[in-house]
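**Q** Provided below for reference: sequence and predicted model.
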Amino acid sequence: MGGRSTSGNGALIVQLNRKRYAILSAALFVAYVVAAKIGIELRVAEGLITPVWAPTGIALAALVLNGRGLWPAVALGAFVANAISGASIPEAASIAVGNTLEAVVGATLLLQVGFRPALDRVRDVLALIGLGAFLSTMIAATNGVTTLVVSGDIDGSDYWSSWLLWWVGDAMGNLVVAPLLLVLAQRPWRRLTRPHQIEALLMLAVLTALSSLVFLAGYWRYPHLLFPLLIWAALRFHQLGATVGSFVVTGIAVAGAVEGTTPIGKGSTTEVVQILEGLSAGTAVSLLILGAVLAERSAAGRAVAQAHAGLAEAQELAHVGSWEWDVRVDQVTWSDELYRLWGVEPSEEKITYDWYLASVHPEDRELVASMVERAFTEDMPFSFEHRVRHGEGPARWIHSRGRVVRDNAGAPVRMLGTAQDITERKRIDELRDSILSTVSHELRTPLTSILGFSITLEEKGERLDEETRSAMVTSLSQQALKLDRLLSDLLDIDRLRRGFMRPSFHETDVGSLVEHAVTAFSPGSHTIEVHADNAPAQVDAPKVERIVDNLIANAVNHTPPGTEISVRVEAQKDGVLLSVDDNGPGVAETDREAIFDLFTRRASNDFVQGTGIGLSLVSQFTALHGGRVWVEEASSGGASFRVFLPAKHPE
């Protein structure tokens, strides 16, 4: 089945390609014959030679856009057009060979140099002029005139005048008709807005009317009236305006010459057409180059804008801004990211060096000024860290880099540099230092006790009485549990940070779960009372146990031995309320939010032994349940920690 399907698709593609080829070939054949008959039937034609030969441009555009495989349509069209215009069969066949080679060679040369049909580069315009209009057309002119001389239709003495007439007709086809078809094939009007489309149609109507007035109504002495419109068309619509404008003006000018309403010079109508075509060719070339220059400038502008947007996005992601200080006028230019780092709007402040220095934290201002002064005197790049004000918020840490730019005389003219927000890095450094300090201190205490008791039991265990040995074993067990709790907290913090911790919710009686957790805790130095309702809820039982453990450990750490701790579980309408109260010094109102941050401890007192990890874990475990945690003052004056867990886990 698979093989047949693939074969069927391939056959369908071949069939569609053949159908498309047949349609394109037929259209090209008809267009070639019709355009050829129009050119030959004009009274400016001299037999089979005419200065108006649009088929050359039609054939070149068709082969460039749709492939040189369409050459048979060009050959057949040229043969038929010449055969029905008075040429003998051998003459028509010979001339058709030259016309076909002209199109094939022209398309081949253009494709070899990387020609783009949109004509949006000057190099494409020059290639079309040099390879298409100038060089390839020599083939048809030479072949056709030679054929007519050999057959006796024209005298050999008229060879070069006839050759020039033929070449001019073909060249104009490639200068006026081919660019129009190549550009229209890109459908540039799709990029125009509705107002621009209306403007383009109005401009086309005005240009057509004014060209008719100049070339058909006898005002041929005022062709310069057309130039502003042609230039405006190229400026506004680039190659679309340039090619359409050139085609309209050239077509109407030739019509005026043929009808005799443009009596330039005293020669024949053919000579008048040649003069007008020469002028039109200069205009067409100028407009094509202008359109290409404008297109390149627009492309460069878009590339610059895209690069600027990419740079701004990269700076925003990396929190890096760039700056430039013009020392001579004391004007500082900032990128958008620097305004965000400083918390100001570009329109709010005029940035100068004094303004920048005033924004630096007072404790760092002298450092910044000295580093900048040193950069000027020693002509060395600088790199330093300092704090700055951030709007109305807290200060931010900035890493500044820069260098001095001097003129030819060695005088400083500019300073360039970057500034990166390293506040988060500083916070991580502080967090790392806190972790190291906490771990080293909190691990050392239980390890010292475990090591001391172990050595004592090893060396003097047999000489100790049973009561002393039992007390030492109990102390070993308590210190080991404390060490295990600390390591578990640190591991949980790491898992939460990495996103490895995935909760598993099940219907559980939270009251029974809390009673079990309190019984397993056994602090020894404190009395714990439990009042637990039957409170079913969808929870992750191990994490709720950790919440209870850390809340009780927090109460133990911040109250003197013998303090009573009360644990309550109450079933509420939408969930379960867990409370842990103590009779200790309580928590200051200003600290009641910050204490749930990692490594944040309460104000120092004689009982504090915490790590600053437990309450952070309580907050994060509660958040995993979709609940909330807070602290308030207990009725006894101590601290009352409250945890609300929803009865159903939110989806």
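**A** Great, that's in hand.
**Q** OK, contacts around residue 73?
**A** Shown in contact with residue 73 (CB atoms under 8 Å, 6 or more residues apart in numbering): 24, 25, 26, 28, 29, 32, 62. (C-beta placed from N, C-alpha, C; glycine too.)
**Q** in ChimeraX, how would I select the buried members of those?
**A** A single ChimeraX command selects the buried members of the contacts of residue 73 (16 or more other CB atoms under 10 Å):
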select :24,25,28,29,32,62
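**Q** which among the contacts of residue 73 gets closest to residue 244?
**A** For these, the residue nearest residue 244 by CB to CB is residue 62; the value is 19.0 Å.
**Q** using CSV, write out the CA atom coordinates for stretch 313-321.
**A** Taking only C-alpha atoms (Å, rounded to 0.1, in the frame of the first residue of the first chain), the coordinates of stretch 313-321 have been written out as CSV:
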residue,chain,number,x,y,z
GLU,A,313,16.3,41.7,23.3
ALA,A,314,19.7,40.1,24.1
GLN,A,315,20.5,43.0,26.5
GLU,A,316,17.2,42.5,28.2
LEU,A,317,17.7,38.8,28.6
ALA,A,318,21.2,39.2,29.9
HIS,A,319,20.4,42.4,31.9
VAL,A,320,23.2,44.2,30.1
GLY,A,321,23.0,47.7,28.7
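**Q** out of the contacts of residue 73, which sit inside helices?
**A** Judged by DSSP state H, the subset of those located in helices is 24, 25, 26, 28, 29, 32, 62.
**Q** nearest spatial neighbour of residue 50, chain-adjacent residues omitted?
**A** In space, not counting the residues next to it along the chain, residue 50 is nearest to residue 39; the distance is 4.5 Å by CB to CB, 6 or more residues apart in numbering.
**Q** the one you found: what secondary structure?
**A** Assigned state for residue 39: helix (three-state reduction, DSSP: H, G, I helix; E, B strand; the rest coil).
**Q** what is the neighbour count of it?
**A** When neighbours are counted by other CB atoms under 10 Å, residue 39 registers 24.
**Q** repeat for residue 252
**A** Other residues near residue 252 number 21, with proximity taken as other CB under 10 Å.
**Q** show me where the stretch 551-651 of the chain has helices.
**A** In chain order, the stretch 551-651 of the chain shows helices spanning 614-624, with DSSP state H, counting those that start in this stretch as the criterion.
**Q** and what of the stretch 301-450 of the chain?
**A** Taking DSSP H, counting those that start in this stretch, the helices of the stretch 301-450 of the chain run over residues 336-342, 353-359, 362-378, 423-460.
**Q** pick the most deeply packed of those helices.
**A** helix 336-342 (a mean of 20; mean count of other CB atoms under 10 Å).
**Q** and the closest residue to residue 334 other than its chain neighbours, what does it touch?
**A** In space, not counting the residues next to it along the chain, residue 334 is nearest to residue 323; the distance is 5.2 Å by CB to CB, 6+ apart. For residue 323, the contacting residues are 332, 333, 334, 335, 338, 402, 416, 417, 418, 419, taking CB under 8 Å, 6+ apart as the criterion.
**Q** residue 323 bridge partners, please.
**A** Each beta-bridge partner of residue 323 is listed here: residue 334, residue 417, as defined by DSSP bridges.
**Q** report the separation between it and residue 315.
**A** To residue 315, residue 323 is 11 Å away according to CB to CB, to the nearest Å.
**Q** isn't residue 503 up against residue 624?
**A** Yes: applying CB atoms under 8 Å as the test, residue 503 and residue 624 come out as touching, 4.8 Å apart.
**Q** JSON lines for the contacts of residue 323, including pLDDT?
**A** Listed next are the contacts of residue 323 as JSON lines, based on pLDDT from 0 to 100:
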{"residue": "332", "pLDDT": "89"}
{"residue": "333", "pLDDT": "89"}
{"residue": "334", "pLDDT": "88"}
{"residue": "335", "pLDDT": "86"}
{"residue": "338", "pLDDT": "86"}
{"residue": "402", "pLDDT": "90"}
{"residue": "416", "pLDDT": "91"}
{"residue": "417", "pLDDT": "90"}
{"residue": "418", "pLDDT": "90"}
{"residue": "419", "pLDDT": "89"}
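**Q** which stretches of the stretch 151-300 of the chain form helices?
**A** In the stretch 151-300 of the chain, the helices defined using DSSP H, counting those that start in this stretch lie at 159-172, 178-184, 194-215, 226-259, 269-318.
**Q** and the first one with helix 226-259, angle?
**A** Here helix 159-172 points in a direction 130 degrees away from that of helix 226-259 (axes from the mean of the first three to the mean of the last three CA atoms, to 10 degrees).
**Q** what packs against helix 159-172?
**A** Other elements packing on helix 159-172 under the criterion 3 or more CB pairs under 8 Å, 6 or more residues apart in numbering; DSSP states H and E are helix 55-66, helix 137-151, helix 269-318.
**Q** elements contacting the last one?
**A** Read it as helix 269-318. For helix 269-318, the packing partners by 3+ CB pairs under 8 Å, 6+ apart come out as helix 122-127, helix 159-172, helix 226-259, strand 320-326, helix 336-342.
**Q** next, format those as TSV and append distance to residue 614.
**A** Below are these laid out as TSV (distance: least, CB to CB, whole Å):
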stretch	distance to residue 614
helix 122-127	71
helix 159-172	89
helix 226-259	69
strand 320-326	37
helix 336-342	35
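**Q** looking at those, which has the lowest confidence?
**A** Note on these: lowest mean pLDDT is at helix 336-342, with a mean of 85.
**Q** hang on, the earlier thing: so what sits against both of residue 503 and residue 624?
**A** In the contact map built from CB under 8 Å, 6+ apart, the residues linked to both residue 503 and residue 624 are 540, 543.
**Q** the two - which one has more neighbours?
**A** For residue 503 versus residue 624, neighbours defined as other CB under 10 Å are more numerous around residue 624 (16 against 13).
**Q** look up how far residue 580 lies from residue 535.
**A** As defined by CB to CB, residue 535 lies at a distance of 15 Å from residue 580.
**Q** appreciated, that's everything.
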